[in-house]
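Q: I would like to see how this sequence folds:
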Amino acid sequence: MTLTPRSSSYREVIHLAWPVILSNLSVPLLGAVDTAVIGHLPNPAFLGAVAIGAMIFSFLYWGFGFLRMGTTGFVSQASGAGDVNEIRATLARALIIGFLAAVVILTFHSPIIAIALQLIDTSDSVRQGATDYFNYRIWGAPAALANYCLLGAFIGLGKTRAALVTQVFMNAVNIILDLVFVIGLDMGVAGVALATAIAEYMAIFVGGYLILREFKKLGGSWIKNDILSFAKMKQLLSVNRDIFIRTIVLIFAFAYFTVSAAKLGEETLAAVAIAMNFMHFLSFGLDGFAHAAESMVGKAIGAKQSQRLNEVVSASTVLAVAVSLLYSVFYFVFGEMMINTLTSIEAVRTVAYGYLPWLIAMPVFAVWSFQLDGIFIGAMRAAEMRNGMILSFVAYIISIQIFSNIWGADGLWAAMIIFMIARGLTLAVVYPRVRRLAIS
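A: Model (predicted):
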């Protein structure tokens, strides 16, 4: 049977996406284990502490998500152009930036947690637990940022199975250490954080070995002048600046969601922490197709192949939408069971059940923003991503103020859906121009 270009693109998207989906799903699985381990302790404040602590690290680490996204975009375009030395240099530049960023984070970690907790209105018990979580996990910062760079290189090269091996290894170690530290050693919230930090360092050895093995196959050299090129570093920092702004705004949107929930009481905050696991499963699953789009779009642009670009955008989007529908069906059938698995606190379960209609609807509205993000990263159009995110955030803040006053916690979820819709629309409007400029 002879494959048409379109059917070949579908097969390639699936080939690239399934390892990323599996590796990404291991991340919320880890979050679910964290939540389940803490959620079966008697005090709901522990759940709130993990939610607040994880939110703070979202600012710190996801804010440096440009190390993953920028590396993917530049590596994929260098791969499409056949420039092996530039692939190596791109990763090296990202690792340098990541190391310097980690040094800054560790230097200022005490004021970071102090300021963060000043901005959050919550109980003393949640505040203390979040502090414990932060003070243990923060020491994994150098490893966490280095792993972002390695993951970006794997995706940019289309070596998603290597990304799968690295991520699954890290999260498997993390889960095992969760059980040892929390259940075995009764370390509570601190045990969850320490497990994560240790696992991040162990993952560097696996990821480093796999990327060096891949570079050996590709050939090329580490050229110091290329790595430290002012023009290349400036280009990387310029793109990463826009991705950084875009990511910080996105993180702030989710953080504002959590902070708003905290104002409604510990039980509501705990229920939101449970419900956010549904969001994590969704985001990391849909990101599989977005990551496939990043790699394939970047390579098509690097090779100046207009028709190929159209094929991969179409194929990856159709498959992403299909998977989003499966998510909605899965949440409809198994939503209550998931909540029951994540917590045994009846009051928290009852509140979380009320969020299920929003969670079932979320995949259909959110898929467009995820997919377009992947396309724009592959095209290295960071400025448009930044602008679209800022406009969407404005719509989100207005919505959350209006609807939360009317519907309480349900209003938060209504605003989140509006945020997802706005993210997709703001990128869809400018995509035709982006496509034209990328291939020209």
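Q: wait, doesn't Val323 sit right on Phe289?
A: Yes: contact criterion Cβ atoms under 8 Å: Val323 and Phe289 qualify, at 6.9 Å. Placement of C-beta: from N, CA and C, glycine included.
Q: among those two, which residue is more densely surrounded?
A: Between Val323 and Phe289, counted using other Cβ atoms under 10 Å, Phe289 has the larger neighbour count: 30 against 18.
Q: helix or strand: which one has the more buried one?
A: helix 266-302 (DSSP states H and E).
Q: residues contacting Phe57?
A: 134, 137 (Cβ atoms under 8 Å, 6 or more residues apart in numbering).
Q: which element is it on?
A: helix 44-57.
Q: so which bits of that helix are buried?
A: When burial is assessed from 16 or more other Cβ atoms under 10 Å, helix 44-57 yields the following buried residues: 44-57.
Q: other SSEs contacting the first helix or strand past that helix going along the chain?
A: Where DSSP H and E defines the elements, the next helix or strand beyond helix 44-57 is helix 66-81. The contact analysis (3 or more Cβ pairs under 8 Å, 6 or more residues apart in numbering; DSSP states H and E) places helix 66-81 against helix 84-107, helix 141-157, helix 230-262, helix 266-302, helix 356-378.
Q: distance from the third one to the middle of the chain?
A: The gap between where helix 230-262 is centred and where its chain is centred comes out at 12 Å by Cα atoms, centre = their mean, to the nearest Å.
Q: could you count how many residues lie near Tyr209?
A: Tyr209, neighbours per other Cβ under 10 Å, totals 13.
Q: list the helices and strands the next helix or strand after the helix holding Phe289 packs on?
A: Downstream of helix 266-302, the next assigned helix or strand under DSSP H and E is helix 306-342. Under the contact definition 3+ Cβ pairs under 8 Å, 6+ apart, helix 306-342 sits against helix 5-39, helix 266-302, helix 346-353, helix 356-378, helix 409-439.
Q: where does the prediction get shaky in this protein?
A: Applying pLDDT under 70 to the chain flags the ranges 1-7, 20, 23-36, 38-45, 58, 120-123, 438-440.
Q: how about 50 then?
A: 1-3 (pLDDT under 50).
Q: now stretch 74-92 - C-alpha only, CSV.
A: Output of stretch 74-92 as CSV, limited to C-alpha atoms (Å, rounded to 0.1, in the frame of the first residue of the first chain):
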residue,chain,number,x,y,z
PHE,A,74,15.7,26.3,17.4
VAL,A,75,16.8,22.6,17.4
SER,A,76,13.9,21.5,15.1
GLN,A,77,14.7,24.3,12.6
ALA,A,78,18.4,23.6,12.7
SER,A,79,17.6,19.9,12.1
GLY,A,80,15.4,20.8,9.1
ALA,A,81,18.3,22.8,7.7
GLY,A,82,20.8,20.0,8.3
ASP,A,83,23.0,22.1,10.6
VAL,A,84,24.3,19.6,13.2
ASN,A,85,26.7,21.9,14.9
GLU,A,86,23.9,24.4,15.5
ILE,A,87,21.8,21.7,17.1
ARG,A,88,24.6,21.1,19.7
ALA,A,89,25.2,24.8,20.2
THR,A,90,21.5,25.5,20.8
LEU,A,91,21.4,22.9,23.6
ALA,A,92,24.7,24.2,25.1
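Q: give the contact list for the residue nearest to Thr71 when sequence neighbours are not counted.
A: Excluding its sequence neighbours, the residue lying closest to Thr71 (Cβ to Cβ, 6 or more residues apart in numbering) is Gly152, at 2.9 Å. Contact analysis of Gly152 by Cβ under 8 Å, 6+ apart lists 67-72, 75, 91, 94.
Q: among those, name the buried ones.
A: So, by 16+ other Cβ under 10 Å, the buried ones in the contacts of Gly152 are 67-72, 75, 91, 94.
Q: touching stretch 397-416 from outside, list them.
A: Here stretch 397-416 makes contact (Cβ under 8 Å, 6+ apart) with 256-257, 260-261, 264, 268, 271-272, 351, 354-355, 358-359, 362, 396, 418-419.
Q: how about JSON lines for the buried residues of helix 44-57, with distance to Met296 added?
A: Shown next, in JSON lines, are the buried residues of helix 44-57 (distance: Cβ to Cβ, whole Å):
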{"residue": "Pro44", "distance to Met296": "44"}
{"residue": "Ala45", "distance to Met296": "46"}
{"residue": "Phe46", "distance to Met296": "43"}
{"residue": "Leu47", "distance to Met296": "39"}
{"residue": "Gly48", "distance to Met296": "41"}
{"residue": "Ala49", "distance to Met296": "41"}
{"residue": "Val50", "distance to Met296": "36"}
{"residue": "Ala51", "distance to Met296": "35"}
{"residue": "Ile52", "distance to Met296": "38"}
{"residue": "Gly53", "distance to Met296": "36"}
{"residue": "Ala54", "distance to Met296": "32"}
{"residue": "Met55", "distance to Met296": "33"}
{"residue": "Ile56", "distance to Met296": "35"}
{"residue": "Phe57", "distance to Met296": "31"}
